[in-house]
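>>> when you get a sec, could you give me coordinates for this:
(one chain, ligands or ions: 1)
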Amino acid sequence: MTVERILPSDEAYELLGLTREIAEGELVPRAAPYEERGEFPRDVLRTIGRAGLLGLPYPEADGGGGQPYEVYLQVLETLATSWVAIAEAVSVHTLSCFPVAAYGTERQRKSLPDMLGGDLLGAYCLSEPQGGSDAASLTTRAVRDTDEYVVTGTKAWITHGGHADFYNIFCRTGGPGAAGISCLLADATTPGLLPQPPERTMGLRSSAPAQIVLDGARVPVDRLVGEEGGGFRIAMQALDAGRLGIAACAVGLAQAALDQAAAYAKERTQFGKPIAAFQGVGFMLADMATQIAAARALMLAAARLKDAGRPYSAEAAKAKLFATDTAMKVTTDAVQVLGGSGYVSDYPVERYFREAKVLQIVEGTNQIQRLVIARSLTRD
Ligand code: COS
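Just a heads-up that it's a prediction; the model follows:
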């Protein structure tokens, strides 16, 4: 189904048109085989980078697309409708560019055109095996040795782990808690930065996360992003924006599931009529469509706050929470509408169902989103 959109500029309509073309021409034919093989689609990301879709919300002066967040998110949503792993990869890459774009030194910022153009792929390393939700408890340590930091620890669930060209490593340079955390920008070639084999995941197999072991990795001190002790704030700000990206992935995925379910319900006949004509199925489709529309509206409302330079952290959490819960519900119902056909891989809805699950977990579980929202309601 074509989604009716009101976009802020003619350029944005063109951008969405280009995204649809790429999605249909490049993503749709590749999604199933790449997911089946668990093959990382680096070539597809290069194509997307060359089309100018990998740095959309960053200023043109830095090599970005200069687009408002609301436009960027609708591009992501369109990509997700065709292949959610690609949309998630674009979202994570965009998140990974944030520390340097917002806090980088003049020298660090020289890499921005290559980052935002997609020649350099990014990764964001916050979680660790012993702690993901309690991010401020991280234990990876960076000890200064003359003009280098020596970094030791393990990062977990790293999207693009083993494929990225640069890694944002959140590590402890000071005492316990959030105030002791710093952000280092490490090249993939850093000695002692050791990507581990990809995890064997339920979904998003083409872009499975991996652990990154830091075994005395030596990162030059001029790769510190922001201030020593300022890393947690950078991590949280990046996640506020990143959570909207995950919401967009969820809306796109849910839309794809609805489109499949509606098409099937029109075609499939039982008891002499299309199953869509049965109220039990028709109402299910109606609920799916309504939830998706609500999720999209919530996501765009949060994006518009961000674009206006207003606080949006709790609104991003609401959008991520609602959109990803919606994607789980809608993909579950899509399997139900297709019945047995929904449970086998002849149709993509079983894959959508597996892919929706992780969106409720990444970039802050939906329990963490509730915590962020609850705190915003009770803060003095
Ligand atoms: N923007 C800017 N600063 C922020 C912020 C935000 N969104 N959220 C917190 N901070 C700042 C706080 O202002 C505080 O700074 P001061 O001490 O200077 O006041 C500091 O960071 C610590 O904040 P807080 O005390 O709220 O930290 P908590 O340890 O209580 O944790 C949560 C906050 C739970 C929100 C955080 O740990 C979190 O988001 N966890 C989930 C992590 C996550 O999403 N992981 C997924 C990894 S990527 S797949």
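
>>> quick one, grab the pLDDT at the residue of the chain most remote from its centre.
Going by CA atoms, centre = their mean, the residue of the chain most distant from its centre is G272, 43.6 Å out. The model reports G272 with a pLDDT of 98.

>>> could you do G282 as well?
The score at G282 is 98. That number is its pLDDT.

>>> separation between it and Y347?
Computed as CB to CB, to the nearest Å, the G282 to Y347 distance reads 20 Å. C-betas here are computed from N, CA, C, even on glycine.

>>> so the two - more neighbours on which side?
For G282 versus Y347, neighbours defined as other CB atoms under 10 Å are more numerous around Y347 (18 against 15).

>>> correct me, but the more buried one touches S341?
Yes. When contacts are counted by CB atoms under 8 Å, Y347 is listed as touching S341 (5.5 Å).

>>> shared neighbours, these two?
Y264 (CB atoms under 8 Å, 6 or more residues apart in numbering).

>>> buried ones in the helix or strand hosting L15?
Secondary structure from DSSP states H and E places L15 in helix 10-22. For helix 10-22, the neighbour count (16 or more other CB atoms under 10 Å) marks A12, L15, L16, T19, R20, I22 as buried.

>>> for stretch 33-40, same thing?
Under the neighbour-count criterion of 16+ other CB under 10 Å, stretch 33-40 has Y34, E35, F40 buried.

>>> tell me the SS of the last one?
Assigned by DSSP: H, G, I helix; E, B strand; the rest coil, the conformation of F40 is coil.

>>> for it, which non-adjacent residue is spatially closest?
H163 (5.4 Å; CB to CB, 6 or more residues apart in numbering).

>>> in space, what's closest to V281 - neighbours in sequence excluded?
Setting aside the residues directly before and after it, V281 is nearest to I275 in space (CB to CB, 6+ apart), at 4.9 Å.

>>> for that neighbour, give me the pLDDT.
We note a pLDDT of 98 for I275 in this prediction.

>>> report how many residues lie close to it.
I275 has 19 neighbours, counted by other CB under 10 Å.

>>> close enough to count as contact, it and A263?
No. Between I275 and A263 there is no contact under CB under 8 Å: 11.7 Å.

>>> mind checking how far R5 is from L54?
21 Å.

>>> out of those two, which sits in the busier spot?
For R5 versus L54, neighbours defined as other CB under 10 Å are more numerous around L54 (27 against 15).

>>> got the contact list for the more buried one?
So L54 contacts L45, I48, V90, H93, T94, L116, G117, G118 (CB under 8 Å, 6+ apart).

>>> so which of these are in helices?
L45, I48, V90, H93, T94, L116, G117 (DSSP state H).

>>> return the alpha-carbon coordinates of stretch 252-271 using PDB.
Below are the C-alpha coordinates for stretch 252-271, written out as PDB (Å, rounded to 0.1, in the frame of the first residue of the first chain):
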ATOM      1  CA  GLY A 252       8.200   0.100   8.100                       C
ATOM      2  CA  LEU A 253       8.300  -3.600   9.100                       C
ATOM      3  CA  ALA A 254       4.800  -3.500  10.400                       C
ATOM      4  CA  GLN A 255       3.600  -1.800   7.200                       C
ATOM      5  CA  ALA A 256       5.200  -4.600   5.200                       C
ATOM      6  CA  ALA A 257       3.500  -7.200   7.300                       C
ATOM      7  CA  LEU A 258       0.100  -5.500   6.900                       C
ATOM      8  CA  ASP A 259       0.600  -5.200   3.100                       C
ATOM      9  CA  GLN A 260       1.200  -8.900   2.900                       C
ATOM     10  CA  ALA A 261      -1.700  -9.800   5.200                       C
ATOM     11  CA  ALA A 262      -4.200  -7.600   3.300                       C
ATOM     12  CA  ALA A 263      -3.100  -8.900  -0.100                       C
ATOM     13  CA  TYR A 264      -3.400 -12.500   1.100                       C
ATOM     14  CA  ALA A 265      -6.800 -11.900   2.700                       C
ATOM     15  CA  LYS A 266      -8.100 -10.500  -0.600                       C
ATOM     16  CA  GLU A 267      -6.900 -13.500  -2.600                       C
ATOM     17  CA  ARG A 268      -7.500 -16.400  -0.300                       C
ATOM     18  CA  THR A 269     -11.000 -17.800  -0.400                       C
ATOM     19  CA  GLN A 270     -12.700 -20.000   2.200                       C
ATOM     20  CA  PHE A 271     -16.400 -20.800   2.500                       C
END
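
>>> fine, thanks again, bye for now.
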